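# kindly return the folded structure for what I paste below:
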Amino acid sequence: PWYKHHHNVEEYFARIGAALQHGEEQRSILVIHPIESFWGIASQRGEQDHGDVWKMHDIRTLLLKANLDFDYGEEEMMSRHASVEGNLLRMAKASYKTVVIPELRTIRKTTLDLLQKFAQAGGNVFCYGAVPEYLDGEKSDLPKQVFASFKPVTYETLTENVSAVDRLISITDDADGKEV
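Below you'll find the model as predicted:
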């Protein structure tokens with residue numbers, strides 16, 4: 001039988017299995033998913049315009065390439081299950097120290113209030129791209145006022161800023177010390 005000759009592979013999978021069975025996921029970064037903004041854009045411009053989707057892909061790609069694991073937070077679920085406890089944003093069993101807000105067209109009042117409370121409690125809130133012009137789908141200046149208390153980031157500064165406050169694992173190259 002093959003397993004007699006491949007004990008190293010089998011031992012490797014046994015260790016991974018044990019870690020997965022007894023370990024606990026550790027993700028302390030939440031990225032707000034802009035699904036409601038996407039629906040608003042699709043209904044206004046038609047299904048063929050996907051430019052804003054690529055901005056979301058930028059955030060995903062940047063964070064994952066920097067070894068920064070994250071969860072997506074959907075505003076409807078957050079309105080029912082998220083709360084601020086100390087300087088953490090809690091959602092069901094998960095706890096987050098950092099929230100990244102991608103470019104949104106609209107944001108829910110419940111999300112805005114939650115993020116404002118989180119930032120005031122010492123949580124890290126980074127915003128990427130333009131501030132939402134709409135609150136619950138209606139034109140409003142309130143998002144602009146609240147977002148002024150969040151830290152704006154760009155394509156070039158997103159991972160540097162998030163890494164500075166919320167890095168759980170660092171995998172670096174021995175030669176230059178940069179993340180691989």
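# correct me if wrong: Pro132 contacts Pro143.
Yes - counting by C-beta atoms under 8 Å, Pro132 touches Pro143, with 4.4 Å between them. Heads up, the C-betas are built off the backbone N, CA and C, glycines and all.
# neighbour-wise, which of these two wins?
Taking neighbours as other C-beta atoms under 10 Å, Pro132 and Pro143 compare with Pro132 leading, 25 against 21.
# nearest residue to the middle of the chain?
Val31 (2.1 Å; C-alpha atoms, centre = their mean).
# nearest spatial neighbour of that residue, skipping sequence neighbours?
For Val31, ignoring the flanking residues on the chain, the nearest one in space by C-beta to C-beta, 6 or more residues apart in numbering is Val100 at 4.7 Å.
# tell me where this protein has strands.
According to DSSP state E, the chain carries its strands in the segments 29-32, 71-73, 82-85, 88-91, 94-96, 98-101, 106-107, 124-128, 134-135, 138-139, 151-153.
# output those strands as a markdown table; include the columns distance to His5 and mean pLDDT.
Shown next, in a markdown table, are the strands of the chain (distance: least, C-beta to C-beta, whole Å; pLDDT from 0 to 100):
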| stretch | distance to His5 | mean pLDDT |
| --- | --- | --- |
| strand 29-32 | 42 | 96 |
| strand 71-73 | 41 | 95 |
| strand 82-85 | 51 | 97 |
| strand 88-91 | 47 | 96 |
| strand 94-96 | 42 | 95 |
| strand 98-101 | 46 | 97 |
| strand 106-107 | 58 | 93 |
| strand 124-128 | 50 | 96 |
| strand 134-135 | 63 | 93 |
| strand 138-139 | 67 | 93 |
| strand 151-153 | 51 | 97 |
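# tabulate the ones you listed (a markdown table), appending distance to Val9.
Formatted as a markdown table, the strands of the chain follow (distance: least, C-beta to C-beta, whole Å):
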| stretch | distance to Val9 |
| --- | --- |
| strand 29-32 | 33 |
| strand 71-73 | 31 |
| strand 82-85 | 42 |
| strand 88-91 | 37 |
| strand 94-96 | 33 |
| strand 98-101 | 37 |
| strand 106-107 | 48 |
| strand 124-128 | 41 |
| strand 134-135 | 54 |
| strand 138-139 | 58 |
| strand 151-153 | 42 |
